[in-house]
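K.L.:
Quick one, what's the 3D model for this:
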Amino acid sequence: MPGIDSELMSHRLAVYPGSRPVQERRRKLGPERAQVVEEQVQALLEAGFIREFKYPAWLVNVVLVKKQNGKWRMCVDYTNLNKACLKDPYPLPNIDVLVDSSSGCQFEWAPECEEAFQEFKKFLNQPPVLTRPKAGEELVLYLAIAKKAVASALIREDEVGQHPIYFTSKCLIDFIAEYAGDQEEASKAWEIYVDGSSNKVRSGAGIILVNQEGTQIEVSLKFEFPASNNQAEYEALIAGLKLAKEVGATKVIIFSNSQVVTSQINGEYQAKDPNMKRYLEKTLEHLRQFLQTEVRHITRELNNRVNALSKLASTKPGENNRSLIQETLQKPSVTKTDSKPDVLSVSGLDLRWITPLVEYLKFD
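P.N.:
Numbers count the residues shown, from 1 in each chain. The predicted model follows:
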């Protein structure tokens, strides 16, 4: 870190002896993403947080994730490196002492501190269990309000002591917005991740719904009809929108790794195939049922879980799996309409042998 002498403090990775370095193959980035990476790396170089170094033993690609404000976040996956490193050998109090001493703050870990710390650990290991109140029983409500937070606890008392029934803790700004009836906060926003899969054996789709509270719904959808990859992607999207409507969503953000489908919905690509046109119209019809919608394209690497669900539906028979919802779609969401060929009426000519065929086509 700039401004700190390495002789005073330095951080070194405690790699397990004998760990084999992992070298990822280089992933090619598009022009826009390559420019973003170059700008962010240059900013880190100018700030002095990183420096150029030829170190071929450990190599990992950067991953760009687009934020809701349109800007890019550059991430680095340190999973392989973390697995090869020892855990921090310092207990919590000791590391605090080392940091405070290095920054010029003197802190003494007295016996009283150790006693309080042990009591705190004991409390964390034995959290209070919520109890059910009895009919007609008097309850006690505790309120604690600070400058930026508010907390409450509903307690029942008996001869043994106090027992919690329910408690809340919120940031004061969120608390005021929630109870002021802010319609924008009251609306329910869900993220929908979809992926369709098709092969010679069967087709299927994977769907994941996630809301702001962290609730997650996973669906593996098997098709009882043949479907192309784009058709499977549309079926997954339509099923996800139906499910979002059932859970009461008013805003949806859809993530799909299909460039064709997302571009058709956003108006960037034109759907020329008649069947795809009907799927596009059906999808837009469902999107109009929400107050706010957004469709984003993401890479397959960022859609791994949904991809696994779609592969589960398209490669294996429906088995009982308690961790997700498995459904079967018996027929497509849109039906193909076969148009009859136009037949021109011809008169005044001796068609001889072809006349019966023309009459058959005309009156079919």
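
K.L.:
Roughly how far does residue 335 sit from residue 328?
P.N.:
Going from residue 335 to residue 328 by Cβ to Cβ, to the nearest Å gives 18 Å. C-beta coordinates here come from the backbone N, C-alpha and C atoms, glycine included.

K.L.:
more crowded one of those two?
P.N.:
It is residue 328, of residue 335 and residue 328, that has more neighbours when counted by other Cβ atoms under 10 Å, with 12 against 8.

K.L.:
Now do the contacts for the more buried one.
P.N.:
Residue 328 sits next to 221-224, 318 when contact means Cβ atoms under 8 Å, 6 or more residues apart in numbering.

K.L.:
again, but for residue 217
P.N.:
Taking Cβ under 8 Å, 6+ apart as the definition, contacts of residue 217 comprise 207-210, 243, 247, 325.

K.L.:
one more time with 7 Å, if that's ok
P.N.:
Going by Cβ atoms under 7 Å, 6 or more residues apart in numbering, residue 217 touches 209, 243.

K.L.:
do the same with residue 36
P.N.:
64, 72.

K.L.:
swap in residue 332?
P.N.:
Contacts for residue 332 (Cβ under 7 Å, 6+ apart) come out as residue 225.

K.L.:
Go again with 8 Å.
P.N.:
For residue 332, the contacting residues are 225, 227, 231, 235, by Cβ under 8 Å, 6+ apart.

K.L.:
Let me know the closest of those residues to residue 274.
P.N.:
Closest approach to residue 274 among those (Cβ to Cβ): residue 231, at 12.3 Å.

K.L.:
What helices and strands are in contact with the host helix or strand of that closest one?
P.N.:
Taking DSSP states H and E as the definition, one finds residue 231 inside helix 229-246. The contact analysis (3 or more Cβ pairs under 8 Å, 6 or more residues apart in numbering; DSSP states H and E) places helix 229-246 against strand 189-198, strand 203-211, strand 216-223, strand 251-256, helix 259-265, helix 274-287, helix 304-315, strand 325-329.

K.L.:
what sits up against it?
P.N.:
190, 192, 194-198, 203-207, 209, 217, 219, 221, 223, 227, 252, 254, 256, 258, 260-261, 275-276, 279-280, 282-283, 286-287, 289-290, 310, 314, 327, 329, 332-333.

K.L.:
surely residue 298 meets residue 256?
P.N.:
Yes. In this structure residue 298 lies within contact range of residue 256 using Cβ atoms under 8 Å: 7.2 Å.

K.L.:
my guess is residue 280 meets residue 271, correct?
P.N.:
Yes. Residue 280 lies in contact with residue 271 (Cβ under 8 Å); the separation is 4.7 Å.
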